[in-house]
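Visitor: Structure for this input, please:
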Amino acid sequence: MICIVIGVSGSGKTTVGRELARALSLPFHDADDFHSAANVEKMRYGTPLTDEDRHDWLAALAAGLSAWEAAGGAVLACSALKEKYRAVLRAAVAHSLTWVVLEGDKELLVARLRARSGHYMKEQLLNSQLADYESPAYGLHLRIEATPETLVRQIMAHLEEGKEDNSAS
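Guide: Numbers count the residues shown, from 1 in each chain. Below you'll find the model as predicted:
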């Protein structure tokens, strides 16, 4: 099984993704780790990435998804802001994907970004992410006001109900 936890910066993708991977006994991967040094530098200086900037990043993630699926599955935390980005990821997997969509109010996202340290994604880039974000019509949509533990319990209940194939066709 491949599960992709998506949302804008500050939504809790990494925290929820790690906990979900632990609960499922699957490897966890963070899409942030697949950005080129040039992309990280752009974001560090507050410059939003373009679709062109994301091309190689998406290709690397797609290759990873294919390999992880062959190895038995994984959980990926990834912004996947636009539908065309999600389509690239979806095309890399032979079987269904489980999409978990983390969404919340801007005020909470800003507070979370201000509270974290050591990450290149700065608060000023949140506005560009929110402007680019296309909420999918599919997937398990969860509000980030809940604790990560609660969110993981909700995801696990969703999976146990057999609702893992919730990707767009």
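Visitor: The nearest residue to Asp30 once chain neighbours are set aside sits in which helix or strand?
Guide: With C-beta to C-beta, 6 or more residues apart in numbering as the criterion, Asp30 has its nearest non-adjacent residue at 5.0 Å, and that residue is Ala77. Every residue, glycine included, has its C-beta placed from N, CA and C. Under DSSP states H and E, the secondary-structure element containing Ala77 is strand 74-78.
Visitor: What is that strand packed up against?
Guide: Strand 74-78 sits against strand 2-6, helix 13-24, strand 28-30, helix 51-70, with contacts defined as 3 or more C-beta pairs under 8 Å, 6 or more residues apart in numbering; DSSP states H and E.
Visitor: Pick the most buried one from these.
Guide: A comparison of the helices and strands packed on strand 74-78 by mean neighbour count, using mean count of other C-beta atoms under 10 Å, puts strand 2-6 on top with a mean of 27.
Visitor: What lies in contact with the strand of greatest length in the chain?
Guide: The strand spanning the most residues in the chain, taking DSSP state E as the definition, is strand 97-103. Judged by C-beta atoms under 8 Å, 6 or more residues apart in numbering, the contacts made with strand 97-103 from elsewhere in the structure are 1-7, 11-13, 16, 20, 86, 89-90, 135-136, 138-144, 151, 155, 159, 164-167.
Visitor: now those residues: which count as buried?
Guide: The neighbour-count test (16 or more other C-beta atoms under 10 Å) marks 1-7, 11-13, 16, 20, 86, 89-90, 136, 139-140, 142, 144, 151, 155, 159, 164, 166-167 as buried among the contacts of strand 97-103.
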